[in-house]
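Asks: Structure for this input, please:
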Amino acid sequence: MLITLKSDNNTNANLFTNFMPEGLMIEPDSEVGLLNASYKIGGGYVIGTGNDNFQLRLGPENVLNELTVPAGSYADLAALTLAIQNTIHTHIGTLDEITQACYPTVTMSVAVDGGDNKKLTFSFKFDPIQNSFQNTALITDSARNVSGDPINAFVDLQMAGITNGGGGGPGARAAGTFYKTGSASTYALSGKGITVSGDGLTNFQPFPFGAIITQTGGAGPEEFYVIEFMPTGGCESLIGISANSALSADEAVLQLRTTVANEIEIYEYSDNTATQIAAASQSFVIGDRLRILVPAHHHDPDEPQAQTAIYQKVAADGTVSTFNFVQNPDRFTFHPNSRDIHPVWSVKTPRIIGQLPKVSILSLTGCVVDTGTSITSDGAAYSAGEVCTTTGGTGSGCEVLITSTSVQGDVTGFTILKSGNGYTAGDVLSLVGTWGGHVTSFLATLTVAVEPAVSNKVSGGGYTQGETITSTQYGISAVVGPTTGTGQIGALTITDGGTGDIPPGTTITFSLGQTPSGNPTVAATFEAHALDGQAPSIKAVRTSTLALNPSYAVMDRASYTGQEFIANEQGFRDLINLNSTPYTNTDDLMTFGSTDDITFNQRTTNNILVHLDNFPIKSKHKGGQGKAIASIPFGDNGNANVGLFHVATNWLVYHSLENKEVINANEIVVRLTDNEGALIQGIEHPVIIDLDLRPRTR
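Replies: Here you go, the predicted structure:
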């Protein structure tokens with residue numbers, strides 16, 4: 001009787017059961033012989049005890065760490081390579097954050113020599129540049145405001161190395177809110193990198209580190225602490241490097257400031273005093289990046305080499321201007337390994353919302369106002385603090401401040417920053433972001449409500465064209481345009497929007513008794529609706545940043561480039577074909593790999609024992625009692641061939657089932673093993689076994 005048995009899938013290719021549609025009535029002492037067998041031999045690599053272990057040292061560690069590749073069968077060299085690489089990356093994630101940042105990537109590649117011959121290459125690169133200037137989303141953190149004041153300035157951050165709630169990894173989250181309500185001469189509470197779970201004051205963490213820049217006229221390349229930003233213009237702002245635990249921007253030892261006139265000022269703080277040093281007050285244009293660089297060499301503590309910081313302006317076209325302070329011998333010097341340092345950034349100019357626009361205000365009509373204006377479409381990829389221009393509608397000049405967004409950057413809150421002119425109620429305006437990342441087809445839109453610039457006007461009397469008049473509140477100044485009748489104001493151009501926040505609908509009253517000309521007899525008043533606002537901000541704050549760790553001073557490059565790799569077990573060395581000696585390196589790059597082509601280790605035998613497990617068969621082989629009915633070849637002697645194989649017996653040998661009674665067999669269990677009794681590794685579905693079942697020959 002011909003019986004054909006077949007595996008179901010790769011998970012049971014070496015141990016499978018076939019259920020018979022009708023029971024087999026097997027007579028006593030029946031015999032079975034193997035007619036044919038076909039099976040697929042796959043490649044692959046087995047990792048287990050004896051070939052899963054190696055040692056690795058990166059950075060300033062004093063000991064080799066023992067790493068273990070997860071045990072299992074890997075279908076191809078690419079899968080095994082990924083497993084080894086993941087093992088290394090997982091280990092790097094447990095090291096100090098400086099080392100993590102120095103080795104952001106560990107690469108491995110498979111090189112094909114020809115045919116299926118392959119070698120594995122390992123590459124460990126000390127590369128802090130890779131971790132510099134990674135993007136981080138802006139977070140406006142209203143929970144950390146001061147005295148209940150609203151958020152009043154915004155920063156677009158691009159930090160690296162900020163830990164997200166203790167979860168580790170670069171490019172996570174940082175707070176970027178600033179509080180400024182008065183006109184005092186101090187900067188706002190400093191912005192700083194903080195953990196999401198921290199309190200924002202004691203759990204600050206970054207100190208900057210590591211881009212490699214060749215200093216003009218210097219020995220270069222050198223490693224520097226780097227912090228930079230892109231001023232948005234029109235406000236007093238600061239980036240600096242602080243060595244004080246409160247991270248006060250005013251007390252940062254190195255400060256690069258900007259003025260409302262878009263000028264650059266350099267201050268250095270020493271002996272409780274911030275001193276403006278020479279060559280300051282140079283101008284910048286929107287799009288320039290300003291940065292501070294501090295040499296980050298770790299010097300001998302017994303012979304500290306004080307070095308001065310480098311201040312630079314980088315134009316949009318990449319042109320670098322370095323501010324030269326050599327002529328100022330009294331300027332502050334910085335000892336790189338004397339303290340932990342932290343990047344800070346701050347805005348001095350208070351947020352001003354509700355100032356009269358500096359135009360002929362009486363002629364403005366169709367001005368967009370907050371009340372009644374609503375979000376029509378929330379768009380995507382916006383940031384809180386972003387100032388958007390607008391397109392569409394019947395007017396021009398409207399600008400919108402985004403005050404809140406969803407996690408995805410959908411607009412959830414806004415303020416009309418500039419009311420514009422000439423719009424019609426119901427106009428739909430598209431918000432054109434200025435911080436990048438927007439897709440034209442996903443712009444947010446607003447349906448607007450409008451008001452005239454002023455209402456309930458009292459044109460006054462006795463005014464003269466050309467005279468300057470001031471308001472009785474808010475310090476507003478204006479120039480009188482053409483008058484009518486007995487000195488009624490026909491046009492009024494605002495020249496100074498004054499101080500303070502003017503609420504919409506406020507009645508503005510101008511004083512009597514103006515000089516040098518005119519003799520107003522009736523005060524001019526109007527109710528203001530068209531308002532302009534200012535949202536002071538700085539953009540693209542970037543720093544190559546690593547977490548504060550008091551056990552490490554400024555990086556000692558020589559110790560961090562020290563690398564060592566040892567394949568502990570002979571099995572691992574043999575599998576990957578590595579040298580038996582350690583691989584060591586003191587340069588930035590350590591690359592090594594297989595000395596010979598890598599071959600499969602999935603097959604440890606050249607023959608297969610075919611067992612029928614649910615019959616009282618007896619066979620003997622090393623490893624115990626078996627139930628084998630045949631032995632068939634498995635690949636070639638080199639264990640290198642893969643693909644579909646077929647075995648047809650030239651001499652059919654029958655094996656007794658040794659059943660003394662009639663067997664009603666509803667299932668047949670096939671087990672394929674090596675001579676040790678272990679299931680065959682490297683065999684794949686489909687496996688087909690053809691058997692001849694017959695009564696015993698008499």
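
Asks: Count the neighbours of G366 for me.
Replies: G366: 22 surrounding residues under other C-beta atoms under 10 Å. (Each C-beta comes from the backbone N, C-alpha and C, glycine too.)

Asks: Report the contact partners of the closest residue to it other than its chain neighbours.
Replies: Nearest non-adjacent residue to G366, counting by C-beta to C-beta, 6 or more residues apart in numbering: Y423, 4.3 Å away. Applying C-beta atoms under 8 Å, 6 or more residues apart in numbering, we find Y423 in contact with 366-368, 393-395, 398, 429, 448, 450.

Asks: Would you list the phi and psi of Y423?
Replies: phi -90, psi 160 (degrees, to the nearest 10).

Asks: And it, what's its pLDDT?
Replies: Per-residue pLDDT puts Y423 at 97.

Asks: cool, and F325?
Replies: 67.

Asks: With the one 10 residues further on instead?
Replies: Model confidence at H335, given as pLDDT, is 55.

Asks: for P329, same thing?
Replies: Reported pLDDT for P329: 58.

Asks: Spatially nearest residue to I629 (excluding sequence neighbours)?
Replies: Distances taken as C-beta to C-beta, 6+ apart place H655 nearest to I629, at 4.3 Å, with adjacent residues excluded.

Asks: average pLDDT across whichever strand or helix holds the one you found?
Replies: Here H655 sits within strand 654-656, counting by DSSP states H and E. When pLDDT is averaged over strand 654-656, the result is 90.

Asks: A83 contacts V46, correct?
Replies: No. Look at A83 against V46 with C-beta atoms under 8 Å: they stay out of range, at 11.9 Å.

Asks: How much space separates the residue nearest to G366 from V400?
Replies: Y423 sits 13 Å away from V400, taking C-beta to C-beta, to the nearest Å as the criterion.

Asks: try L24
Replies: Distance of L24 to V400, computed by C-beta to C-beta: 82 Å.

Asks: what about those two, which has more around it?
Replies: Of the pair L24 and V400, V400 is the one with more neighbours under other C-beta under 10 Å, namely 26 against 15.

Asks: Could you tell me which ranges of the stretch 551-698 of the chain sit under the pLDDT cut-off?
Replies: 551-558, 637-640, 698 (pLDDT under 70).

Asks: just to revisit the earlier point, now the common contact residues for A83 and V46.
Replies: Joint contacts of A83 and V46 (C-beta under 8 Å, 6+ apart) are Y74.

Asks: These two: who's more crowded?
Replies: Counted by other C-beta under 10 Å, A83 and V46 do not tie: V46 has more neighbours, with 20 against 17.

Asks: So the more buried one: helix, strand or coil?
Replies: Here V46 is recorded as strand under DSSP: H, G, I helix; E, B strand; the rest coil.

Asks: Show the pLDDT at it.
Replies: Listed pLDDT for V46 reads 86.

Asks: One more: the one 3 residues further on?
Replies: According to the model's per-residue confidence, T49 sits at a pLDDT of 87.

Asks: element containing it, please.
Replies: Assigned by DSSP H and E, T49 belongs to no helix or strand.

Asks: Give the full set of residues in contact with it.
Replies: Contacts of T49 were listed using C-beta under 8 Å, 6+ apart, and they are A71.

Asks: one more time with 10 Å
Replies: Applying C-beta atoms under 10 Å, 6 or more residues apart in numbering to T49 gives the contacts 68, 71, 569, 571.

Asks: and what of P582?
Replies: Contact partners of P582, counting by C-beta under 10 Å, 6+ apart, are 55, 57, 64, 564-567.

Asks: ok, so of those, who is nearest T308?
Replies: Comparing those against T308 with C-beta to C-beta picks out R57 as the nearest, at 35.9 Å.

Asks: Would you agree that closest one falls within a strand?
Replies: Yes. According to three-state DSSP, R57 belongs to a strand.

Asks: In space, what's closest to it - neighbours in sequence excluded?
Replies: E564 (4.3 Å).

Asks: That neighbour sits in which helix or strand?
Replies: Assigned by DSSP H and E, E564 falls in strand 563-566.

Asks: does N65 really touch T90, like I thought?
Replies: No. Using C-beta atoms under 10 Å, N65 is not in contact with T90; the gap is 11.2 Å.

Asks: Quick check: nearest residue in space to Q488, chain neighbours excluded?
Replies: In this structure, Q488 finds its nearest non-sequential neighbour in S459, 3.7 Å apart by C-beta to C-beta, 6+ apart.

Asks: The one you found against G481, yeah?
Replies: No. Assessed by C-beta under 10 Å, S459 is found out of contact with G481, at 11.3 Å.

Asks: hey, what's in contact with both of those two?
Replies: Common contacts of S459 and G481, defined by C-beta under 10 Å, 6+ apart, comprise 362, 489-490, 492.

Asks: Out of those residues, name the two that are farthest from one another.
Replies: Between all members of the shared contacts of S459 and G481, the farthest pair (by C-beta to C-beta) comes out as G490 and L492, at 8.4 Å.

Asks: If you count surrounding residues, which of these two has more?
Replies: Taking other C-beta under 10 Å, G490 and L492 do not tie; L492 has more neighbours (25 against 16).

Asks: all helices for the protein, in order.
Replies: Per DSSP state H, the chain carries helices over the ranges 77-92, 97-102, 557-560, 570-576.
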